[in-house]
Every structure is written in C-alpha cells, then in structure tokens.
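Engineer: I would like the atomic coordinates for the input below:
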Amino acid sequence: MKIVREETLISCGNYAKSKAWKRTRASLYKAITRVDWPRGSGKFTIHPESGKKRGEGNGVKPIKEGLIEELSKQGWKPEQYLDIATLHRPGKLDAVLDTTYGPVALEWETGNISSSHRALNKMALGLLKGSLAAGILVVPTRDLYKFLTDRVGNMSELDPYLDLWRSIPCKNGILEIVAVEHDATDKNVPRIPKGTSGRALQ
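Structural biologist: Numbers count the residues shown, from 1 in each chain. Below you'll find the predicted structure:
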C-alpha cells in the first residue's frame, strides 16, 4: 500500500518536536506501507470493481486487520478505550501505543464519512483534554475509495473541514490524516471480503 498524502492538522509542544515522535511516526508509516492484498503478496493490488452495487466491490476491515497485526508486533494495543470525555465515553480506538509523552492513537476508517468525523473529533478531544499525545486517522483516497464499500469515509470528503480541526487550540499534541491508495489493480485478484452487516453488504 502506498501513502499518497500526509496532512498535519495539529503539531505543537514537546512531543511534536521530539525524536521519539519521529521514530514512532516513521515506524507507523512503514507499517502502513506493508499492508498488502492478497495477504503475503508484498503489495496492495485491488480488484477494480465499484462497490456501489450489492455484492460488488471490496470490503475494508480485512485491510485494517493487516495493519493492526503489524502494529501489535510493535507494542500497540488494539481496541482500546481512553477517558477523553466527561459524560459519555467515546468508542474504542483502533490501536493505542503508550509512550512517555502519553498515548498515541490510530484510527483506520472502515465506516462512512460521519465515522471519519467522529474519529477526528474523538482524537481532537483527547488532545484538548491532555489525555492523548497524538492521533492519526488513515483514510482511502478518492481513487481507492471507488473500489471499496459504498460511502466509506475518504480524504476528498474531509478536505472541506480541515481548517476546522487546524483551528483547535492545543498546547501539546499532534493530529494527522494519512491518505492511502492501492499499488495496482488487477481483475484476477480476489475481492477483499465485505462484512455481513449494515452498508457493508451493499
């Protein structure tokens, strides 16, 4: 898989300037580029079929699972809650790495665009509360999105709102979006399986 865009929305304070963050970021980005399909092939090749119709296109969760497996080897903990809200606890974060500066969170988008907004808001709130050192959201580009489950969150639909997240006051913390894309297309590779609930069937 290739990273085609890196959008830094917030970068301030000691951790953002540290060698520790540079190492963690480089290691994370390397893990993202190791995500492949078919699994074990060494590159990410997608079956080029639109996901708009029921039973067509490619699923999303199996892609994320490859990254989570890689991050788990590096000490990241999958499916973690963090106390970042006063009244209601937001949902689990896909993966969290504990550092001396605080937790680093990763969210890999498998839901619709509303889910992307929630993920960014959740991590931004963690920065405001001081309970998160960094948050990274991974989303597909428009070119990859068209082959995935219809309406999955993507970079193009987040673009109009980036200035909103950039304006969030923060003394210490990092908030980034990473846009990813396939290495190649091939009608001979198998489709990525879809889930069995909600819009994933479509």
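Engineer: separation between W37 and G57?
Structural biologist: As judged by Cβ to Cβ, to the nearest Å, W37 and G57 stand 13 Å apart. No exception for glycine: its C-beta is placed from N, CA and C like everyone else's.
Engineer: Correct me if wrong: T185 contacts I46.
Structural biologist: Yes: between T185 and I46 there is a contact at 5.7 Å, judged by Cβ atoms under 8 Å.
Engineer: Spell out which residues are contacts of both of the two.
Structural biologist: Jointly contacting T185 and I46 under the rule Cβ atoms under 8 Å, 6 or more residues apart in numbering are F147.
Engineer: Determine the longest helix present in the chain.
Structural biologist: For the chain, the helix with the greatest residue count under DSSP state H is helix 113-129.
Engineer: who does that helix touch, helix- and strand-wise?
Structural biologist: Under the contact criterion of 3 or more Cβ pairs under 8 Å, 6 or more residues apart in numbering; DSSP states H and E, helix 113-129 touches strand 2-12, strand 102-108, strand 134-140, helix 155-158, strand 173-181.
Engineer: Find the one among the ones you listed with the highest mean neighbour count.
Structural biologist: Highest mean neighbour count among the helices and strands packed on helix 113-129 (mean count of other Cβ atoms under 10 Å): strand 134-140, with a mean of 26.
Engineer: Could you look up the next helix or strand downstream of that strand?
Structural biologist: Beyond strand 134-140 on the C-terminal side, the first helix or strand identified by DSSP states H and E is helix 142-145.
Engineer: Format the CA atom coordinates belonging to that following helix as CSV.
Structural biologist: Output in CSV follows, covering the C-alpha atoms of helix 142-145 (Å, rounded to 0.1, in the frame of the first residue of the first chain):
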residue,chain,number,x,y,z
ARG,A,142,-10.9,9.0,-3.9
ASP,A,143,-9.1,6.6,-6.3
LEU,A,144,-9.1,3.8,-3.8
TYR,A,145,-12.5,4.7,-2.3
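Engineer: per-residue confidence averaged over that helix?
Structural biologist: Helix 142-145 carries an average pLDDT of 91.
Engineer: got the buried residues for that helix?
Structural biologist: Neighbour counts over helix 142-145 (16 or more other Cβ atoms under 10 Å) mark D143, L144, Y145 as buried.
Engineer: contact partners of that helix?
Structural biologist: I46, V152, N154, M155, S156, V180, E181, H182.
Engineer: Now tabulate the residues you listed in JSON lines and tack on distance to W108.
Structural biologist: Below are these laid out as JSON lines (distance: Cβ to Cβ, whole Å):
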{"residue": "I46", "distance to W108": "16"}
{"residue": "V152", "distance to W108": "11"}
{"residue": "N154", "distance to W108": "13"}
{"residue": "M155", "distance to W108": "13"}
{"residue": "S156", "distance to W108": "17"}
{"residue": "V180", "distance to W108": "9"}
{"residue": "E181", "distance to W108": "14"}
{"residue": "H182", "distance to W108": "15"}
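Engineer: Give me the lowest-pLDDT entry from the residues you listed.
Structural biologist: The model is least sure about V152 among the contacts of helix 142-145, giving it 83.
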